[in-house]
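K.L.:
structural data only, the sequence is not supplied:
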């Protein structure tokens, strides 16, 4: 291994870049406050008046004291629904309960009654998929009004709609992955299946109810008048129907009982035997914003980022003198071994072959791979095609798609076109993916994309059919479209990642992710199957 990184020269340009980036960080934290505010002060006050605990406080009480909670996509639905669906109405993430690492899925009843919108379903499913691929118990904190009936085509029909959450729940339970729940409020229609499909669950007396059809549906369907507690309250379902396994007097007791249920599982999770004692980087992560800046046209050396997130800034670089637009090598983050593939610009054929070879080595060794994306894509042009870029980039995509080791992705700058694909973009199902607030992600960058579409536009119209002013206006509109749709908040609002993170928190976040993927038993039982 070898020391990597250089001290930052604190000149005026560095200071200006850091100040510019601080604006992005302040914006991120302001928007995260929107997420944490739930349905707003009025709804939260009403929630508390009913002796109910806000959703993130429930999670804090559930997880072990002094441990962290890695929340997924807290800015889901940002900018959608007139800003009235904070965090998409659901909080998901990974936490430790009685020593067991679990995925936690918690409805926020202060946001649209905890009902499932399009983004709510996507967050729920994404959390379940993380649980399934890492064999983590699923813990549901249920306070759910069922599907949003105004979005039937978005939440009901398809395999990845609301029904897909129940399919996953059934499959995980059948595979021996525990499914446990606490019910805090009304669970009607599809929401009733969340606890009903669990292995074991608890209900809060006087608060919780479960019914396939609520009082209004019952009245409309069979003209029966009944309130929700007589229809499916905690007492009815625990003492008479047998639907519920436990009844408790309040939410604190429910969370305590849920903790006991998780402890009683005696669920075996592998220990990361190859982990070493963590060592802080030699260079300060607080310097990352000034290194990166906000101008994506200005390159930066990913080695300087690596030096500020890996243990002891110690990095063994692979083929450092060849394929220089991609940096590959091995290091440790929070004591966990990791292979790193990082863009230092456009991907040429040599860079593709180098990264492909390195993926194969990580696959043989059972080493998880971290992709740091900052690329405009694969090289184009006649020379590139003569050099085999189409085939060599396909080799990278193939190797990345078929490696058996976990993949983590962080977009540190640009991530455009097929470069996103080759570098383990969301379409290739990385185990975790995050973006920085300066990042951009899209099919093409705004300059190229708007230029391509304008060329097509000009080719499709007759001479004189559109004035220069009209064409300029159309080009500006196209550019705005590309810029809007490559914005990180556009992406995270639609649950295309696990969240936007402060670059200074990258090491901590990756450490938590590596601790999760190292719970997979197969990561330490790899067998080489191919070489380049």
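P.N.:
Structure's in. What do you need? Everything quoted here is computed from the prediction, not taken from an experiment.

K.L.:
and the strands in the stretch 101-250 of the chain?
P.N.:
138-142, 179-183, 186-188, 200-204, 209-211, 246-248 (DSSP state E, counting those that start in this stretch).

K.L.:
helix or strand right after the last one?
P.N.:
This means strand 246-248. Past strand 246-248, further along toward the C-terminus, the next helix or strand under DSSP states H and E is helix 251-265.

K.L.:
now the helix or strand following that following helix: average pLDDT?
P.N.:
Per DSSP H and E, helix 251-265 leads on to helix 288-292 as the next helix or strand towards the C-terminus. For helix 288-292, the per-residue pLDDT values average out at 96.

K.L.:
and helix 288-292, what does it pack onto?
P.N.:
Based on contacts counted as 3 or more CB pairs under 8 Å, 6 or more residues apart in numbering; DSSP states H and E, the elements that helix 288-292 packs against are helix 12-36, helix 302-306. Glycine gets a C-beta too; all of them are placed from N, C-alpha and C.

K.L.:
quick one: closest of those to residue 157.
P.N.:
Proximity to residue 157 (CB to CB) singles out helix 12-36 among the helices and strands packed on helix 288-292, at 28.5 Å.

K.L.:
Throw the strands of the stretch 101-250 of the chain into a markdown table and include mean neighbour count and distance to residue 114, thanks.
P.N.:
Supplementary listing: those in a markdown table, determined by neighbours: other CB atoms under 10 Å; distance: least, CB to CB, whole Å:
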| stretch | mean neighbour count | distance to residue 114 |
| --- | --- | --- |
| strand 138-142 | 26 | 8 |
| strand 179-183 | 26 | 11 |
| strand 186-188 | 27 | 9 |
| strand 200-204 | 26 | 15 |
| strand 209-211 | 25 | 13 |
| strand 246-248 | 20 | 20 |
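
K.L.:
tell me which of these sits nearest to residue 438.
P.N.:
Of all these, strand 138-142 sits nearest to residue 438, with 33.8 Å by CB to CB.

K.L.:
can you give me the angle that closest one makes with strand 179-183?
P.N.:
Angular relation of strand 138-142 and strand 179-183 on a 0 to 180 degree scale: 20 degrees, by axes from the mean of the first three to the mean of the last three CA atoms, to 10 degrees.

K.L.:
what are the neighbouring residues in contact with the closest residue to residue 234 other than its chain neighbours?
P.N.:
If the residues on either side of it in the chain are set aside, residue 234 comes closest to residue 203, at 3.7 Å by CB to CB, 6 or more residues apart in numbering. Listed by CB atoms under 8 Å, 6 or more residues apart in numbering, the contact set of residue 203 reads 182-183, 195, 210, 233-234, 237-238, 244, 246-248, 254.

K.L.:
and residue 190, how far from residue 196?
P.N.:
In this view, residue 190 and residue 196 are 10 Å apart by CB to CB, to the nearest Å.

K.L.:
and for residue 371?
P.N.:
In this structure, residue 371 and residue 196 are 40 Å apart, going by CB to CB.

K.L.:
okay, these two: which has more neighbours?
P.N.:
When neighbours are counted by other CB atoms under 10 Å, residue 371 and residue 196 differ, and residue 371 comes out ahead with 27 against 18.

K.L.:
that one is in what secondary structure piece?
P.N.:
When the helices and strands are read off by DSSP H and E, the one containing residue 371 is strand 369-375.

K.L.:
try residue 353
P.N.:
Using DSSP H and E, residue 353 falls in helix 349-365.

K.L.:
what's the angle between that helix and strand 369-375?
P.N.:
Taking the same axes, to 10 degrees, one finds that helix 349-365 is oriented at 160 degrees with respect to strand 369-375.

K.L.:
only the buried residues of helix 349-365, if you could.
P.N.:
349-364 (16 or more other CB atoms under 10 Å).

K.L.:
ok, residues contacting it?
P.N.:
Outside helix 349-365, the residues within contact range by CB under 8 Å, 6+ apart are 318-319, 322-326, 328, 339, 341, 347, 368-369, 378-379, 384, 387-389, 392-393, 395-396, 398-400, 403-405, 422, 526, 528-532.

K.L.:
try it again at 7 Å.
P.N.:
Identification of contacts with helix 349-365 by CB atoms under 7 Å, 6 or more residues apart in numbering yields 318-319, 322-323, 325-326, 328, 339, 341, 369, 387-389, 392-393, 395-396, 399-400, 403-405, 526, 528, 530-532.

K.L.:
equivalent analysis for stretch 159-168, please.
P.N.:
Where contact means CB under 7 Å, 6+ apart, the residues beyond stretch 159-168 that reach it are 116, 121, 124, 125, 128, 132, 147, 155, 156, 190, 193, 197.
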